[in-house]
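Q: Here is my input, please return the structure:
(one chain, ligands or ions: 1)
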Amino acid sequence: MLAVITGGSRGIGESYARQLAARGYNLYLVARDAARLSAVAREIRATHRVLVEEIVLDLAQVDGAERLYAEVRSRRTVPVDVLVNNAGFGFHGEFADMPMPRIQDMLYLHLVTVTKSMRLFLPEMRERRSGTIINVASVAGFLPLPYISLYAATKAFMISLGASIGREAQAYGVIVQTCCPGQTVTDFHATAGFAEPRYAVGGVQTADEVVSDSLAALDHPREPLVTGLRNRLLVQLLRILPRGLVLRTAARHLKPS
Ligand SMILES: NC(=O)c1ccc[n+]([C@@H]2O[C@H](COP(=O)([O-])OP(=O)(O)OC[C@H]3O[C@@H](n4cnc5c(N)ncnc54)[C@H](OP(=O)(O)O)[C@@H]3O)[C@@H](O)[C@H]2O)c1
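A: Sure, this is the predicted structure:
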């Protein structure tokens, strides 16, 4: 059994790597930081006695998905059983101040690479009538969020695309899960430029808790999968509260100090 995990070197992706290795999966882990990737791979190999290979690749490129697919195919001909599209990053601040290169990276990484990766890996899963794709979105994708505007919009795209493709794939026994964590303790907030991680309106989870919820839900598919009870309650509440009130409250809460 083989799993490909993007962003497998840290945070939520690293937890997917450890938990899938514990279930006996061989792994291809993808990230840019070669040293960090190789340290994680070495440790998982020693602990779980599975094959772990590193793919050092920047997925925020227009052909990131094609490069990933070609790299996986060039190494082995065995099928990919699980694809986890997890690599991602945030940006905290006014959209008008967001540097153009970060806008481009976010669009490529969250939209283009995730979409093309599904298009590349899905047909083989459909043919085999088995396989799982997990896209890591966010509860931020359930509403427009001032000051993390582009991030929230890209995650909304992932939630929408995952739901419809998941329904198509179901007919072939293939699972597409859109995993939506709330605030999770990782390097994410530091990378996004949050002075402190203060937007925990739902619950705060560890990366291990997010991944346990995600993998457990594969046996009882729910689309999208919101991890953690408090986050699920929050998403229900957002569905019934007036949009204007939610936007005003979110803007007050997220405005950089
Ligand atoms: N933490 C949260 O509160 C939270 C909440 C909801 C959703 N999420 C989502 O969860 C996912 C994982 O985030 P995390 O919290 O685990 O953050 P993290 O600790 O910062 O990890 C991000 C991972 O993505 C990789 N990555 C980033 N840019 C990449 C690129 N251009 N090419 C290849 N790999 C790249 C990083 O490795 P390199 O830097 O070495 O490339 C790292 O392995 C993201 O999609 C994020 O949006 C996080």
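
Q: all contacts plus neighbour counts: C-alpha atoms, from now on.
A: Will do.

Q: Contact residues of the stretch 1-150 of the chain facing the ligand?
A: By the rule Cα under 6 Å from any ligand atom, the part of the stretch 1-150 of the chain lying against the ligand is 7-13, 31-33, 57-60, 86-89, 136-138.

Q: Can you tell me, leaving aside adjacent residues, what's nearest to residue 20?
A: residue 3 (7.6 Å; Cα to Cα, 6 or more residues apart in numbering).

Q: Report the contact partners of the one you found.
A: 20, 25, 26, 27, 28, 80, 81, 82, 83, 84 (Cα atoms under 8 Å, 6 or more residues apart in numbering).

Q: which among these gets closest to residue 248?
A: residue 84 (34.1 Å; Cα to Cα).

Q: Which elements pack onto the host helix or strand of that closest one?
A: According to DSSP states H and E, residue 84 maps onto strand 82-85. Counting contacts by 3 or more Cα pairs under 8 Å, 6 or more residues apart in numbering; DSSP states H and E, strand 82-85 packs against strand 2-6, strand 131-136.

Q: Neighbouring strands of the shortest one in the sheet, and parallel or not?
A: In this case it means strand 2-6. With DSSP bridges as the criterion, the sheet partners recorded for strand 2-6 are strand 26-31 (parallel), strand 82-85 (parallel).

Q: Tabulate those strands (CSV), appending mean pLDDT, distance to residue 95 and mean neighbour count.
A: Below are the strands paired with strand 2-6 laid out as CSV (pLDDT from 0 to 100; distance: least, Cα to Cα, whole Å; neighbours: other Cα atoms under 10 Å):
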stretch, mean pLDDT, distance to residue 95, mean neighbour count
strand 26-31, 98, 26, 24
strand 82-85, 98, 25, 25
